[in-house]
Structures are given as structure tokens and as C-alpha cells.
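Engineer: got a predicted structure here, sequence first:
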Amino acid sequence: MLEVADIATFYGRAQVLDGVSFSVAPGEVVALLGRNGAGKTTTLKSIIGLVPPRAGRVTFRGQDITGWPSYRIARAGLGYVPEERRIFTQLTVAENLEVGRQPPREGAVGWSEDALFELFPNLAERRGNLGKALSGGEQQMLTIARTLMGNPALVLLDEPSEGIAPVIVAQMARAVRRLKAEGLTVVLSEQNLAFARAVADRAVILDHGRVRFDDSFAALDARPEVRDAHLSVSGA
Ligand SMILES: Nc1ncnc2c1ncn2[C@@H]1O[C@H](COP(=O)(O)OP(=O)(O)OP(=O)(O)O)[C@@H](O)[C@H]1O
């Protein structure tokens, strides 16, 4: 579904990713883990074309998308939910969803508003409220829901559990598992190991712009030294 092959990404002259490679199978949920500044966000931005890699290749559904502008990558079926919530504060929840609507896409899950309200019951209760009236967690859910209105085949989620209340984190985890059950492929960046473990099939650990580990959580549990060296969280 997605193949990231040996990418090198820079901000100006500063190299941030140094030969990052991993692949994601259809229907898989992969968590990118690593400390602050390890390169997780930059990896997602490289995939979606916001910071195009200077070397290496990104292949999505068999197509080389390296160097494509972001809007074209999005149109090919790759959804991106940035860490900072991007909702229209002066529009209602339902109107925000409408803005994200795209025609159905072959080989991707088609989302209706009703299905999204089932996925995020909090949003259903607030469908007539303005975006600015939502809590941070609800805004995060709305950003994800709006991206799903574009019917992506794969969605990139940047730190979906960050800065939201624990009860909302649990709802977010349930939602990500539902996305997988619906057949969506997901790549998410996380600092929260417990959240990643609850939703993902596999962990890809980055440190200083390189992949240090790529395997199951069971394999990670068998390598506490990897966790201690590259993650700042405890092994919850
Ligand atoms: N726009 C930018 N210009 C210059 N350097 C940047 C820029 N954005 C990120 N960096 C640097 O790139 C490195 C990787 O950042 P990145 O945001 O990808 O890390 P991260 O693993 O996602 O961490 P975080 O959890 O803090 O988001 C860091 O050293 C950061 O300072």
C-alpha cells in the first residue's frame, strides 16, 4: 500500500531524515514512535509532500508519488491529519464535515456523515455547534472525521492522542480500531506507547532521523533496551 524507501529530508541545509525506509500493507495500522524531534512529523510530511524528500522514494498503491504536490497526493487517496487541529471555528460540526466531502474512491472506504457520527458519538451530539465551541479532543476528532469525508485509502495521523483528556484518548483508540476494522490503512505518529500499542499492529521507532526498530509490540517487549534507548515513555 505504502512504501517509504531510503528517504532523506532536509529543512534548508539541516538534514532531518537520513535514509528512512518502511512499508505498510493494506489494512495495517503502523505506529511511528520516537522522542521529541526524532523525525516522526517530518516523515509524515515527507509522505504527503509538504516537505518533499531530497532523496529516496515514496510509493503509494504502486505509484511513485515522490515530488508530487500535496494536493495531488491527497487526491490519490492519502489523507493527512496534522498535529495542529485544522477546523473552521465559525462553521458548525456538520458544515466542517461538508467541506471535506469528496466523491467516492475506488478501493477506499466510503464515509457518510452518519457513519462518522457513529464513529465519533461526541460529534453527533454537537453537530449543530460551532467548531470554536468544541473541546480540544473534539476538534481533533472533527479534523479526523473531515479527512475521512475525503474517502482516503490510507490516513496519516500526527499524534492523535496528544493534548487530549484521558477519556477522549480512549474514544480515539476505539475510533482508530474501527478504522482498521473498516479496512482503512493507518500510519500514526505517537509519543504515547500505551495508545500505540492499543491501536497499532507494528511499531517503527525513529531516532535522529533513522529507523532503529521495525517489528511487532511483542518483539519490542522482548527488547527493553531498544525501548529505553529510543523512547521517553515507560512501557505501559
Ligand atoms: N520547519 C522546520 N525547520 C527546521 N527544522 C525543523 C522544522 N521542523 C522540524 N525541524 C527539526 O527537525 C527535527 C525533527 O522534527 P520532527 O517534528 O519531525 O520530530 P518529531 O519526531 O515529530 O517530534 P515531535 O514529537 O516534537 O513532533 C527536529 O530536530 C526539529 O527541530
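Structural biologist: Everything's here; your move. Numbering: from 1, shown residues only.
Engineer: give me the residue at the spatial middle of this structure.
Structural biologist: Centrality entry for the chain: nearest residue to the mean C-alpha point is Leu157, 1.6 Å, by C-alpha atoms, centre = their mean.
Engineer: which is the next helix or strand following the longest helix along the chain?
Structural biologist: Under DSSP state H, the helix in the chain containing the largest number of residues is helix 166-181. Downstream of helix 166-181, the next assigned helix or strand under DSSP states H and E is strand 185-190.
Engineer: that next one vs helix 166-181, what angle?
Structural biologist: Interaxial angle of strand 185-190 relative to helix 166-181 (axes from the mean of the first three to the mean of the last three C-alpha atoms, to 10 degrees): 150 degrees.
Engineer: specify the next element, helix or strand, located C-terminal of strand 185-190.
Structural biologist: That would be, after strand 185-190 and using DSSP H and E, helix 193-199.
Engineer: which residues does that next one contact?
Structural biologist: With contact meaning C-beta atoms under 8 Å, 6 or more residues apart in numbering, helix 193-199 is reached by 29, 31, 33, 160-161, 169, 172-173, 176-177, 180, 186, 188, 190, 203, 217, 227, 231, 233-236. For the C-beta atoms, the positions are set from N, CA and C on the backbone; glycine is no exception.
Engineer: who's in contact with stretch 119-133?
Structural biologist: Residues from elsewhere that reach stretch 119-133 (C-beta under 8 Å, 6+ apart): 87-94, 96, 116-118, 134, 137-139, 141-142, 144-145, 148, 168, 171, 175, 178-179.
Engineer: so the residue nearest to the centre of the chain touches Leu188, yeah?
Structural biologist: Yes. With contacts counted by C-beta atoms under 8 Å, Leu157 reaches Leu188, the gap being 4.0 Å.
Engineer: overlap in contacts of the two?
Structural biologist: Val176.
Engineer: give me the pLDDT for the closest residue in space to Ala5 that isn't next to it in sequence.
Structural biologist: Nearest in space to Ala5, with sequence neighbours left out and distances taken as C-beta to C-beta, 6 or more residues apart in numbering, is Arg57 at 4.6 Å. We have a pLDDT of 97 for Arg57.
Engineer: let the chain start at 116 from now.
Structural biologist: All set: I'll call the first residue 116, so the last point we hit is now Arg172.
Engineer: what about stretch 237-246, start to end distance?
Structural biologist: Between the start and the finish of stretch 237-246 there is a gap of 13 Å, counting by C-alpha to C-alpha, to the nearest Å.
Engineer: ok but Gly278 is inside a strand, no?
Structural biologist: No. Using DSSP: H, G, I helix; E, B strand; the rest coil, the assignment for Gly278 is coil, not a strand.
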